[in-house]
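Asks: sequence-free structure coming up:
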């Protein structure tokens, strides 16, 4: 069940902030996928949180936390 | 659905703390937009969290986390 | 609606930790103001969270996160 | 209402980790005091969260966040 | 009850980001195991949070926080 | 009531990551002990959160935050 990849390309390094943000989103989703491996169940739950104000905010909090790590790994793309 | 831009101008660098704060707010909103792409649904949910004390606090928590990253990226605007 | 100032004095630098803490509080409140621009509505919600134990704790969490950024920006006021 | 002191001694520097932890607790409490200035109301709410498992955990989360800042300010008391 | 190992291999260093992510997940789970040592009870609770949208998001938040530490410990795998 | 020790050994430095993790757990528990000094009440609440999926996740979040500080204090045990 845990044999899914958790870090795409096995790297935190991206070319741009935009790609870093996409990586943060993907990493957050892969934890959900690992915890709930049933795709149909995930789709159902996705509809739940996409329509709930508090859950949308909480999704944002998780992505923000993942992105902090990705951004630090890329030295904030300052000297790339 | 995910083809929206997640990092405006594809950069974390801003001229001032004020602009950095605005970027943090935009980045937080763009995650909500990506997760709930229906504009009418987002408007409805926005009314929900704007009128709920706990959700307003949670919005503040998410922006604070995004801003921590933006501020670090700009070396806290100390030597700009 | 978003034309309010989000970072007073457009700076994270303060003379003292006490002023830095006050800035953290103000920044947290300005996000709430931006999200809920109606002053009467904010007053009502303020009464809600000032009388709810969990919300008071959550306010503290948000201020703590903002303060972490302000304190780092000021190098923790160690050599000012 | 906000004329209370938010950072005791106006400093994040302490002699020991134990004193730093006490400072983190005090700073968290002072935000609650600022948000709810009525002492009788605070006592009532304190009884609420001291008897609620989720709120106790949330208190711990807030103190942990404050302590992270205090500990960084003191360079983790490594070379004091 | 607390004699379980909390940090596998007693090290935060891993060869790759993928292994670091797996370590973050394991460390998060071991805290749950320590807090609820009954395996049957944990299985029951696991089913609860795997089917609850808000809890799935919260699991992601916890893993993100653990991963921030593991990633920093490995200098973000930049020069490995 | 607050005369309990909040940081065992008055130090964040440990020999190993495992001991650092145990310190993070203890520090989190001592905040709960300070906030709810009645041992019988704490035992009752402990049973509550050990049997509640969301609370278990929240315990993990708090420990993760404490551990981030302990790990940084020990330079992630890289050169000990």
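Replies: That came through, no problem. No experiment lies behind these values; they were computed from the predicted model shown. Numbers count the residues shown, from 1 in each chain, chains lettered A, B, ... in the order given.
Asks: okay, now residue A:26: neighbour count?
Replies: Residues lying near residue A:26 (other Cβ atoms under 10 Å in any protein chain shown) number 17. (C-beta placed from N, C-alpha, C; glycine too.)
Asks: Over to residue A:25?
Replies: The local packing of residue A:25 (other Cβ under 10 Å) involves 20 other residues.
Asks: I figured it hits residue B:31, correct?
Replies: Yes. Contact criterion Cβ atoms under 8 Å: residue A:25 and residue B:31 qualify, at 7.4 Å.
Asks: Around chain E, which positions in chain A sit nearby?
Replies: Contact residues, chain A versus chain E (Cβ under 8 Å from any Cβ of the partner chain): A:2, A:5-7, A:10-13, A:27-28, A:31-32, A:34-36, A:41, A:45-46, A:48-49, A:52, A:54-55, A:58-59, A:61-62, A:65-66, A:68-69, A:72-73.
Asks: and these near chain D, which?
Replies: Applying Cβ under 8 Å from any Cβ to the residues of chain A next to chain E, none is adjacent to chain D.
Asks: Among the residues you listed, which lie within strands?
Replies: Per DSSP state E, strands hold no members of these.
Asks: where do the contact lists of residue A:25 and residue B:31 overlap?
Replies: Common neighbours of residue A:25 and residue B:31 (criterion: Cβ atoms under 8 Å, 6 or more residues apart in numbering or on different chains): A:63, B:6.
Asks: who's in contact with residue A:10?
Replies: Neighbour list for residue A:10: E:16, E:17, E:18 [criterion: Cβ under 8 Å, 6+ apart].
Asks: What about the last one, how many residues nearby?
Replies: Here the number of neighbours of residue E:18 (other Cβ under 10 Å) works out to 17.
Asks: Point me to the residue of chain A nearest chain B.
Replies: Closest residue of chain A to chain B, Cβ to the nearest Cβ: residue A:76 (3.6 Å).
Asks: That residue contacts residue B:73, doesn't it?
Replies: Yes. Residue A:76 lies in contact with residue B:73 (Cβ under 8 Å); the separation is 3.6 Å.
Asks: who touches both of these two?
Replies: Common contact partners of residue A:76 and residue B:73 (Cβ under 8 Å, 6+ apart): B:12, B:13.
Asks: which helix in chain A runs the most residues?
Replies: Criterion DSSP state H: the longest helix present in chain A is helix A:53-73.
Asks: quick one, that helix and helix E:53-73 angle?
Replies: Angle, helix A:53-73 to helix E:53-73, by axes from the mean of the first three to the mean of the last three Cα atoms, to 10 degrees: 10 degrees.
Asks: Contacts only, for residue A:43.
Replies: Listed by Cβ under 8 Å, 6+ apart, the contact set of residue A:43 is empty.
Asks: rewinding a little: select only the buried ones of the residues of chain A next to chain E in PyMOL?
Replies: Entered in PyMOL, the line below selects the buried ones among the residues of chain A next to chain E, by 16 or more other Cβ atoms under 10 Å in any protein chain shown:
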select buried, chain A and resi 6+7+12+13+27+28+31+32+34+35+36+45+46+49+52+54+55+58+59+61+62+65+66+68+69+72+73
